[in-house]
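Q: I'd like to go over a predicted model; first the sequence, then the structure.
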There are 2 protein chains.
Amino acid sequence: MDEYVVEKAIQDIYPDDFAWCYGCGRLNKDGHHIRTGWQGEQTVTFFEPHSKYMGIPGFLYGGAIASLIDCHGTGSASLALHRKNGNEIGDGSVPPRFVTASLNVEFLKPTPQHVTLKAVGTVEEIHPKRWKVATEVYAEETLCARGTVDLVVMPSTFQKQND
Amino acid sequence: MDEYVVEKAIQDIYPDDFAWCYGCGRLNKDGHHIRTGWQGEQTVTFFEPHSKYMGIPGFLYGGAIASLIDCHGTGSASLALHRKNGNEIGDGSVPPRFVTASLNVEFLKPTPQHVTLKAVGTVEEIHPKRWKVATEVYAEETLCARGTVDLVVMPSTFQKQND
C-alpha cells in the first residue's frame, strides 16, 4: 500500500443511493471523498482537505476535523460489520451503512493545512447494531485531535424515505 | 428582527485576520458564513446550507451540523465575553476570539435539507478564559441535534503564528 493511499476503501462499494455524503460519498462531486480501509486490525483514512477549509489561515477549521472523524467512523463500523458478516471488499457483497448517533471531538493542537492527515480508528462492537469507533488524527507525527463516534446500523426508515 | 436574519452578528466584527473560517468567516468566499447574535439571553444562528452538503439525499450531512454547533459556539462565547467586558456590537470595540477545546454532538433526528435551521445557544462561563455553550438545532419545530462546545480564549501563540 502506498503510504498515503487506501487501496480498498469501504466507501468505494457503498450502494449508489448512499454514496452522496459530502464527507465520504464518491458521487458527491464537491465533497471530501473520505476513503477508509483496513490497516491491520485498525482502520485508516488519509485526508488532505482543500485550502478553502481553513479556520485561521494555515490551520484547518474544526468542522472539517469533525467531518473526518464522523465519516471515518461510519466507514470503520461498516468495514468491521462487513467483515464480521464474512465479507470483504471486492467479493461483490454490499456493506452495511451506519448513521452517527453521537460524535465527540477533542481538539488537542492546531491542525495544519497542506499536510496529509491520517485518521486511525479502533472499532468496538457494543451490540450487533450499535458500534463505537475511537479515532486519532495525526499530522505527520503530531496527534492533533481525537474523537469517538457512536454509530447505529442505518434504520429502514432512512431507506424508505430515500426510495 | 426578521424571523430568519440575525441583524447584529459577532462574526461581522471579528478582526480581518480571524474572519477566514470556512464555518463562520465573512471573508471566506466558499464557506458557510455562519452569523450569530443575541436573542434575549440566548444566542441564535440561522443556517440554510447549500444542497451539496447532503448526507443522504434530502438530509444534511453530519459534518455541517457539527460545524454549525462549533462555530455557533465560538460566536456565542465571543458575544458573551464581549458583553461581560462592557461592550456591544457596533460600539467599535474588537471582540475576543475563542477556539474550541472539545465538541459533542448528538444527532437526534435526520436533519432535512432546504429548511432554514435555527441553532439556539445557552452560554455558561466556566472561568474567565473558559466558556461552555449548549446548543439546540431545530428544523422548524423539530429538535434535530444538540451539542455542547467547550471553548477557550484564543491563545496568543495562535495570533503570533498568524502575524
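A: Sure, I can see it.
Q: and the residue lying closest to residue A:27 once chain neighbours are set aside, what is it in contact with?
A: Closest residue in space to residue A:27, ignoring its immediate chain neighbours: residue A:19 at 4.5 Å, by CB to CB, 6 or more residues apart in numbering or on different chains. Every residue, glycine included, has its C-beta placed from N, CA and C. By CB atoms under 8 Å, 6 or more residues apart in numbering or on different chains, the contact list for residue A:19 reads A:11, A:25, A:26, A:27, A:28.
Q: turn these into TSV, including neighbour count, secondary structure and pLDDT.
A: Shown next, in TSV, are the contacts of residue A:19 (neighbours: other CB atoms under 10 Å in any protein chain shown; DSSP: H, G, I helix; E, B strand; the rest coil; pLDDT from 0 to 100):
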residue	neighbour count	secondary structure	pLDDT
A:11	25	helix	98
A:25	25	coil	98
A:26	18	coil	98
A:27	14	coil	98
A:28	20	coil	98
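Q: tell me the one of these nearest residue B:108?
A: residue A:25 (22.5 Å; CB to CB).
Q: quick check: that closest one touching residue A:31?
A: Yes - assessed by CB atoms under 8 Å, residue A:25 is found in contact with residue A:31 at 5.8 Å.
Q: is the residue nearest in space to the middle of chain A in a helix, a strand, or coil?
A: Relative to the mean C-alpha position of chain A, the nearest C-alpha, by CA atoms, centre = their mean, is the one of residue A:72, at 1.3 Å. Of the three states, residue A:72 takes helix according to DSSP: H, G, I helix; E, B strand; the rest coil.
Q: which residues touch it?
A: Residue A:72 sits next to A:34, A:36, A:43, A:45, A:119, A:121, A:133, A:135 when contact means CB under 8 Å, 6+ apart.
Q: near the second one, how many other residues are there?
A: Read it as residue A:36. Per other CB atoms under 10 Å in any protein chain shown, the neighbour tally for residue A:36 reads 29.
Q: in space, what's closest to it - neighbours in sequence excluded?
A: residue A:75 (3.3 Å).
Q: which of the three states applies to that neighbour?
A: When classified by three-state DSSP, residue A:75 comes out as helix.
Q: separation between it and residue A:87?
A: 15 Å (CB to CB, to the nearest Å).
Q: and the two? Which one has more around it.
A: Legend: neighbour count by other CB under 10 Å for residue A:75 and residue A:87, higher for residue A:75 (30 against 16).
Q: what is the nearest of the contacts of residue A:19 to chain B?
A: Proximity of the contacts of residue A:19 to chain B (CB to the nearest CB) peaks at residue A:28, which lies at 6.8 Å.
Q: that older thread, in the contacts of residue A:72, find the pair that's most separated.
A: For these, the maximum inter-member distance is 13.1 Å, found between A:34 and A:133 (CB to CB).
Q: hmm, residue B:101 and residue A:107 touching each other?
A: Yes - contact criterion CB under 8 Å: residue A:107 and residue B:101 qualify, at 6.2 Å.
Q: more crowded one of those two?
A: Legend: neighbour count by other CB under 10 Å for residue A:107 and residue B:101, higher for residue A:107 (24 against 16).
Q: specify the beta-bridge partners of that one.
A: Residue A:107 has these beta-bridge partners by DSSP bridges: residue A:145.
Q: from residue B:84, how far out is it?
A: Using CB to CB, residue A:107 is found at 24 Å from residue B:84.
Q: up against chain B, what does chain A have?
A: With CB under 8 Å from any CB of the partner chain as the criterion, chain A comes near chain B at residues A:17-18, A:20-23, A:25, A:28, A:30-32, A:52-58, A:61-64, A:66-67, A:70-71, A:99-107, A:110, A:158, A:161-162.
Q: which other residues reach stretch A:74-89?
A: Residues contacting stretch A:74-89 (CB under 8 Å, 6+ apart): A:8-14, A:24, A:34-38, A:43, A:45, A:93, A:95-100, A:121, A:123, A:125, A:128, A:131, A:133, A:135, A:149, A:151, A:153.
Q: next, the buried residues of it.
A: Buried residues in stretch A:74-89, counting neighbours by 16 or more other CB atoms under 10 Å in any protein chain shown, are found at A:74, A:75, A:76, A:77, A:78, A:79, A:80, A:81, A:82, A:87, A:89.
Q: need the helices for chain A, in chain order.
A: Along chain A, the stretches classed as helices by DSSP state H are A:62-84, A:156-161.
Q: which one of those helices has the lowest average pLDDT?
A: Among the helices of chain A, helix A:156-161 has the lowest mean pLDDT, at a mean of 58.
Q: now residue A:63: closest residue in space, sequence neighbours ignored.
A: Sequence neighbours aside, residue B:67 is the residue nearest to residue A:63 in space, at 2.8 Å (criterion: CB to CB, 6+ apart).
Q: my guess is that neighbour contacts residue A:68, does it?
A: No - using CB under 8 Å as the test, residue B:67 is too far from residue A:68 to be in contact (12.0 Å).
Q: of those two, which one has the most company?
A: Taking neighbours as other CB under 10 Å, residue B:67 and residue A:68 compare with residue B:67 leading, 30 against 27.
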